[in-house]
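Peer 1: Structure for the following, please:
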Amino acid sequence: MSDLFDTPAPAGAEAPRPLADRIRPRHLSEVIGQRHVLGPEGPLGAMLAAGSLGSVIFWGPPGVGKTTIARLLAHETDRAFVQISAIFSGVPELRKVFEAAKLRASQGKGTLLFVDEIHRFNKAQQDSFLPHMEDGTILLVGATTENPSFELNAALLSRAQVIILERLSLADLERLAQRAEQALGRALPLKAPAREALLEMADGDGRAALNLIEQVMAWKVQAPLDTEALSSRLMRRAAKYDKSGEEHYNLISALHKSVRGSDPDAAVYWLGRMLEGGEDPRFIARRLTRMAIEDIGLADPQAQTICLHAWEVYERLGHPEGELAIAQAAIYLALAPKSNAACMAYVAAREAARKTGSTPPPRHIINAPTKLMAEQGFGAGYQYDHDAEDAFSGQNYFPEGMRRPVFYAPVERGFERELKKRVEWFAKLREKRGS
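Peer 2: Numbering: from 1, shown residues only. Now for the predicted structure:
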């Protein structure tokens, strides 16, 4: 019996091309999304209008058009398009690319070198691009999903403009779906809510959207499917989240700033995003405790206790019930009165401590356990505060000769409102007693 996989393809037959490749734009004007970059006022639009395209680094999530735009830039500027990936290329491959570019240059043809995942090249490999960028042998277009500030050399960044590409909106993905339907000559077999659910599954990734559309178009169905039928046939695409990468820090920053901004809805949303992405709840509990100390402080001393208790509850209950305690802590922090007065006092005190060095405390507050120390005046004149009026002597506790500073300035919010009254009361007593 003949094997189907051994049957040779007919002469001249072409392998089926993926939908994403079939509807790839042929001109920059056909690119969906990224108007902030490609429009007349955008950086690439302005460069092309002026006829002075320079090296660029595209920074953005997967599936937003980095490779497509690079290919079209080569076409628009009449340069040879060469594509390599930092994952599969090393020094020998780079040397061959540079030599071929030099040969083209000697023949009057420029080279646009597109480097995917450029952040994966080490420092020496990144440095190897510099002389060829400077003499015009190559026009470099790098692509990265990681923050270039952390992953790329300063020398390389100084010779290329970083351009941020954004994830595609639902409106962008709908335009992409319409283009796919036009190319395939038929409509998606989905009802309107299911169509929207399909595009949401792509999570802003155009390539993922086209792959999903191509998969759905291959189904043989008698009538348009609803959302439930679609969900039973397709698994929802996992949200982009790297627990050790940049997205990890972006989302915890969003949670922290939402809490600081007293927005419980935003706080619990970003908390949900992190947990859905697989973040360790212990990391979030630790960060919430830090927020209680840094942004709430003594305006609500109970906030720290609530965070520690939520952390402990999670350790005892685990997933999923323990995560509710963490969510409650996040909501409590968002609604708590805010003050960084204690944090600022600590920072200012540390700075003063660095400046004053090893200056000793005043002698009257140093114990004199030996006869020699007593003879030298240590401990002399110390006033026991419990014996003083209002249990407050008003003595000086700073080094001799150091002007009394003010580090702690409580705010008129929460419990610190009460602490502010106490600070002011002690200040008046100190002034009254001439200390």
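
Peer 1: Quick one: the helices in the stretch 151-300 of the chain, in order.
Peer 2: Secondary structure of the stretch 151-300 of the chain (DSSP state H, counting those that start in this stretch): helices located at 154-158, 170-184, 192-201, 206-217, 227-233, 246-260, 264-276, 281-291.

Peer 1: Now render these as JSON lines, adding mean pLDDT and distance to A349.
Peer 2: Bear in mind the C-beta positions are built from the backbone N, C-alpha and C, glycine included. Below are the helices of the stretch 151-300 of the chain laid out as JSON lines (pLDDT from 0 to 100; distance: least, CB to CB, whole Å):
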{"stretch": "helix 154-158", "mean pLDDT": "92", "distance to A349": "35"}
{"stretch": "helix 170-184", "mean pLDDT": "94", "distance to A349": "51"}
{"stretch": "helix 192-201", "mean pLDDT": "91", "distance to A349": "51"}
{"stretch": "helix 206-217", "mean pLDDT": "91", "distance to A349": "52"}
{"stretch": "helix 227-233", "mean pLDDT": "86", "distance to A349": "57"}
{"stretch": "helix 246-260", "mean pLDDT": "86", "distance to A349": "23"}
{"stretch": "helix 264-276", "mean pLDDT": "93", "distance to A349": "30"}
{"stretch": "helix 281-291", "mean pLDDT": "94", "distance to A349": "19"}
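
Peer 1: Would you tell me which of those helices gets closest to F378?
Peer 2: helix 281-291 (40.4 Å; CB to CB).

Peer 1: Just the buried positions in whatever helix or strand comes next after that closest one, please.
Peer 2: Under the assignment DSSP states H and E, the closest C-terminal helix or strand after helix 281-291 is helix 302-317. Buried residues in helix 302-317, counted by 16 or more other CB atoms under 10 Å: 303-304, 306-307, 310-311, 313-314.

Peer 1: Next: stretch 93-106.
Peer 2: Buried-residue list, stretch 93-106, by 16+ other CB under 10 Å: 94, 97-98, 101, 104-105.

Peer 1: starting at the chain centroid, how far to it?
Peer 2: Its chain's C-alpha centre and that of stretch 93-106 lie 36 Å apart, by CA atoms, centre = their mean, to the nearest Å.

Peer 1: as a whole number, average confidence for the host helix or strand of R354?
Peer 2: Per DSSP H and E, R354 falls inside helix 341-356. The pLDDT scores in helix 341-356 average 92.

Peer 1: C-terminal to that helix, which secondary structure element comes first?
Peer 2: helix 371-375.

Peer 1: Using CSV, write out every CA atom in the next helix-or-strand element following that next one.
Peer 2: Next in sequence after helix 371-375, counting helices and strands by DSSP H and E, comes helix 416-432. Output in CSV follows, covering the C-alpha atoms of helix 416-432 (Å, rounded to 0.1, in the frame of the first residue of the first chain):
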residue,chain,number,x,y,z
GLU,A,416,-1.0,60.7,61.7
ARG,A,417,-3.4,63.6,62.3
GLU,A,418,-3.2,62.5,66.0
LEU,A,419,0.6,62.1,65.8
LYS,A,420,0.9,65.6,64.3
LYS,A,421,-0.8,67.0,67.4
ARG,A,422,1.6,65.1,69.7
VAL,A,423,4.7,66.3,67.7
GLU,A,424,3.4,69.9,67.9
TRP,A,425,2.7,69.6,71.7
PHE,A,426,6.2,68.3,72.5
ALA,A,427,7.7,71.0,70.3
LYS,A,428,5.9,73.7,72.4
LEU,A,429,7.0,72.1,75.7
ARG,A,430,10.6,71.9,74.4
GLU,A,431,10.4,75.6,73.5
LYS,A,432,8.8,76.5,76.8
